[in-house]
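Q: coordinates for the following, if possible.
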Amino acid sequence: MRTPDCQQTQVITLPESLLPVLDLQQGRAVQAYAGIRSNYQPLQSRWMHGAEAISVKTLLHNMRVYTGFREFYVADLDAICSVGDHRELIEELLAEGYQLWLDAGLRRPEDAVFWLNRGVQRVIVASETMEADTWDFSSDRLVFSLDLYRGSLRSKRNSAQSPLQLLEQVVDTGCQTVIVLDTAIVGTRCGCPTLELCESILKHYPCMEVITGGGIRNREDIQTLEKAGIKRILVSTWLHDPNTVLS
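A: The predicted structure follows:
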């Protein structure tokens, strides 16, 4: 495997199910950990030279060179928290040909239309931030994110609902793809506790495209999720940690 810090030339082949995550906060890539956003630190990545500051564009370029990734899940944490946004940077990444899944803290359907018109591949509508009750998920470019914290639903609409109750409502509006993500687990590398809920969703909705991530430790975790029918797996820490054995 070749990374920016070594002299080998082999490019690593990673599972096609992986969807690398880019968390943006205050103009930089950050390392998400346990969902406590105020404590997130600048990302340290194997894909950058040791003394090189993390530039988002350089980071994605290096990952594309060394892994072939062109598709990324981008979480605009400033937009999610209503303290700004990374609109200009995201539009620059789109112009450079990256295929983006984007969570930009959408609250109303018109927010999704804005990004769909700018060429975002898949637009994330997250239970944490969605406010309107009139979402139409019939477009396969709209993805519903079932957001959890330590297993409990994070929802601006009705946090007293169970995750499956809220998902049922969204399925009734045409939802075909759901992300199941427990933010308390991201970055912890303690395994993926959302598997049981994902399996329950697939039992109720066999044709649903189910995506999850958080806590990934190794390739065995990835294979377990794949065997369970998970179509895409969100990964960050496992990919960036220079001590991780990726092959």
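
Q: I figured Val74 hits Trp101, correct?
A: Yes - with contact defined as CB atoms under 8 Å, Val74 counts as touching Trp101 (6.9 Å). C-beta here means a position set from N, CA and C on the backbone, and glycine is covered the same way.

Q: burial count for the residue nearest to Leu195 when sequence neighbours are not counted?
A: Residue nearest to Leu195 in three dimensions, not counting chain neighbours: Ala228, with 6.1 Å by CB to CB, 6 or more residues apart in numbering. Residues lying near Ala228 (other CB atoms under 10 Å) number 15.

Q: Ala228 contacts Lys203, doesn't it?
A: No - Ala228 is beyond contact range of Lys203, at 10.8 Å (criterion: CB under 8 Å).

Q: where do the contact lists of these two overlap?
A: Any residue near both Ala228 and Lys203 by CB atoms under 8 Å, 6 or more residues apart in numbering counts here, and not one turns up.

Q: flag the shaky bits of this protein, pLDDT-wise.
A: Residues of the chain meeting the criterion pLDDT under 70: 1-10, 50-53, 158-160.

Q: so which residues of it form strands?
A: Along the chain, counting by DSSP state E, strands occupy 18-25, 28-31, 41-42, 71-76, 99-103, 122-126, 142-149, 152-153, 177-182, 209-213, 232-235.

Q: now render these as CSV, adding mean neighbour count.
A: Conversion of the strands of the chain to CSV gives the following (neighbours: other CB atoms under 10 Å):
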stretch, mean neighbour count
strand 18-25, 22
strand 28-31, 20
strand 41-42, 12
strand 71-76, 22
strand 99-103, 22
strand 122-126, 24
strand 142-149, 24
strand 152-153, 18
strand 177-182, 24
strand 209-213, 24
strand 232-235, 22
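
Q: let's have those strands in CSV, adding distance to Arg64.
A: Converted to CSV, these look like this (distance: least, CB to CB, whole Å):
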stretch, distance to Arg64
strand 18-25, 10
strand 28-31, 15
strand 41-42, 21
strand 71-76, 9
strand 99-103, 11
strand 122-126, 18
strand 142-149, 22
strand 152-153, 35
strand 177-182, 23
strand 209-213, 20
strand 232-235, 16
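
Q: what does the longest helix along the chain contact?
A: Counting by DSSP state H, the longest helix found in the chain is helix 56-67. Residues from elsewhere that reach helix 56-67, judged by CB under 8 Å, 6+ apart: 1-4, 11-12, 14, 20, 22, 24, 28-29, 43, 45, 47-48, 52, 69-70, 72, 89, 92-93, 96, 98, 239.

Q: could I have stretch 193-202 exported to PDB, CA atoms only?
A: The C-alpha atoms that make up stretch 193-202 are tabulated as PDB, following Å, rounded to 0.1, in the frame of the first residue of the first chain:
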ATOM      1  CA  PRO A 193     -24.200  -1.500  17.800                       C
ATOM      2  CA  THR A 194     -26.800  -0.500  15.200                       C
ATOM      3  CA  LEU A 195     -26.600  -3.900  13.500                       C
ATOM      4  CA  GLU A 196     -29.600  -5.200  15.400                       C
ATOM      5  CA  LEU A 197     -31.800  -2.300  14.500                       C
ATOM      6  CA  CYS A 198     -30.700  -2.500  10.900                       C
ATOM      7  CA  GLU A 199     -31.600  -6.200  10.800                       C
ATOM      8  CA  SER A 200     -35.000  -5.300  12.200                       C
ATOM      9  CA  ILE A 201     -35.500  -2.700   9.500                       C
ATOM     10  CA  LEU A 202     -34.600  -5.200   6.800                       C
END
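
Q: sounds good, over and out.
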